[in-house]
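**Student:** sequence first, then the predicted structure, then my questions.
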Amino acid sequence: MSVHKSLQLGSGLTTARSVWTRRERIERLRAEGRLDGESGSPLGLPKVRTQIKIVTKKQKQDADAAKLAAAAAVADDASSETPEAE
């Protein structure tokens with residue numbers, strides 16, 4: 001029996017998950033120093049922010065344009081500071 005097209009996930013999980021597994025939460029809390037590895041209980045864990053900022057195509061293009069402008073400005077400053085041979 002096949003799966004209906006409306007129920008397929010397509011390319012898989014493309015959005016940010018809103019729920020982490022217990023292992024992921026423990027790793028994050030240890031990295032932040034909010035959970036001791038030996039005495040910390042895996043039950044009743046504090047909340048961990050799971051939303052990851054996703055950059056859109058337009059934001060990425062704007063950032064790339066800003067980097068190019070900054071690189072051009074640095075190149076102009078470098079060329080104007082070098083003494084010309086007389």
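**Tutor:** Noted; the coordinates are in hand.
**Student:** where do the strands sit along the chain?
**Tutor:** In the chain, no segments count as strands under DSSP state E.
**Student:** helices of that one, start to end?
**Tutor:** For the chain, helices defined by DSSP state H occupy the ranges 22-32, 57-81.
**Student:** tell me which of these is the most buried.
**Tutor:** Ranked by mean neighbour count, these are led by helix 22-32 with a mean of 13 (mean count of other Cβ atoms under 10 Å). For glycine as for every other residue, the C-beta is placed from the backbone atoms N, C-alpha and C.
**Student:** gap between that one and the chain center?
**Tutor:** Distance of helix 22-32 from the chain centroid (Cα atoms, centre = their mean, to the nearest Å) equals 17 Å.
**Student:** who are the packing partners of it?
**Tutor:** If you count contacts as 3 or more Cβ pairs under 8 Å, 6 or more residues apart in numbering; DSSP states H and E, helix 22-32 packs onto no helix or strand.
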